[in-house]
Structure formats: structure tokens, C-alpha cells
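Participant: Fold the following and give me the result.
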Amino acid sequence: MADLHQILFTMHILYSLALGIWATGIFARKVSISGNFWGAILTYALLAAAALLLGIVLLLSGYEPRSSRVLVYVLYMIWLAIIMPGLFSLMSGRDDRQAALAFALLAFFNASTSLSMIQRELVGPWILAP
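Facilitator: Got it, this is the predicted structure:
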């Protein structure tokens, strides 16, 4: 299960980068955000939530990240799962150019945050807690 968590988390990083590039393209072309992008935001949130759920299952099974900072891991994963839909809510569903820029910046920020989580060993390798 730890390997599946790592795969989901890696997918989450790549998906964040793809969303950032897509939103940057929307911003550069000066078009409004389409329904396809909103569906991708939902997929992003579900992917982050799935990684969080699997992480919680691992924690309840007695595993923990090597860094042993479980609370930090959980807080970061909750942030990653709710921030994109949260931005949508804060912007009241705006689909203009500035909204695309906001989503692009947030997606790149989330990708860099996720990469830092890997660097600090917050997402693995998972070890059996003593």
C-alpha cells in the first residue's frame, strides 16, 4: 500500500504541473475557463483526497513516514485536497483571465509544496512504527 500511496502522490504532482500549464495557456490565450478545466479541478481534488485517505489507512495500520512528522503530513494533505475547490469557491466561480492566472499560480505552488514534502520525507518511505 505504501507503493500505491507513492504512485498516487507522484500522479498528484504531475497533475498539478499539468493544471498549471493548462491554466497558463488559458491565461495567455485570453479565453475563459471551460467546463473541462473545472472537471480537471475536481479530478485534482479527488486524487489528493485519495492519497490522503490511503495515507490515513497506512497511519492506522501502524506505518508512518520516515520523518515521523505525522501531523505535518496530514495538514499538508488536507491543504492539497481542499485548496483548489476552495479557490473556486473564493472566486465565486469566476472564469475570466485573472481566475486562470490564480489557478495556474496555485497549481504550481501545490506542485512545489508536494516536491518539498518528498524532500523532507513526509510522504515516504513508510516504515512500521516501533
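
Participant: what's near enough to touch the spatially most central residue of the chain?
Facilitator: What sits nearest the mean C-alpha location of the chain, by C-alpha atoms, centre = their mean, is Leu80, with 4.1 Å. Contacts for Leu80 (C-beta atoms under 8 Å, 6 or more residues apart in numbering) come out as His12, Ala48, Ala51, Leu52, Asn110, Thr113, Ser114. C-beta coordinates here come from the backbone N, C-alpha and C atoms, glycine included.

Participant: Gly20 is in contact with Ala104, correct?
Facilitator: Yes. Between Ala104 and Gly20 there is a contact under C-beta atoms under 8 Å: 5.1 Å.

Participant: neighbours around Phe88, how many?
Facilitator: Using other C-beta atoms under 10 Å, the number of residues around Phe88 comes to 20.

Participant: what's the nearest residue to it if we skip its chain neighbours?
Facilitator: Using C-beta to C-beta, 6 or more residues apart in numbering and skipping residues adjacent in sequence, the residue nearest Phe88 is Ile41, 6.3 Å away.
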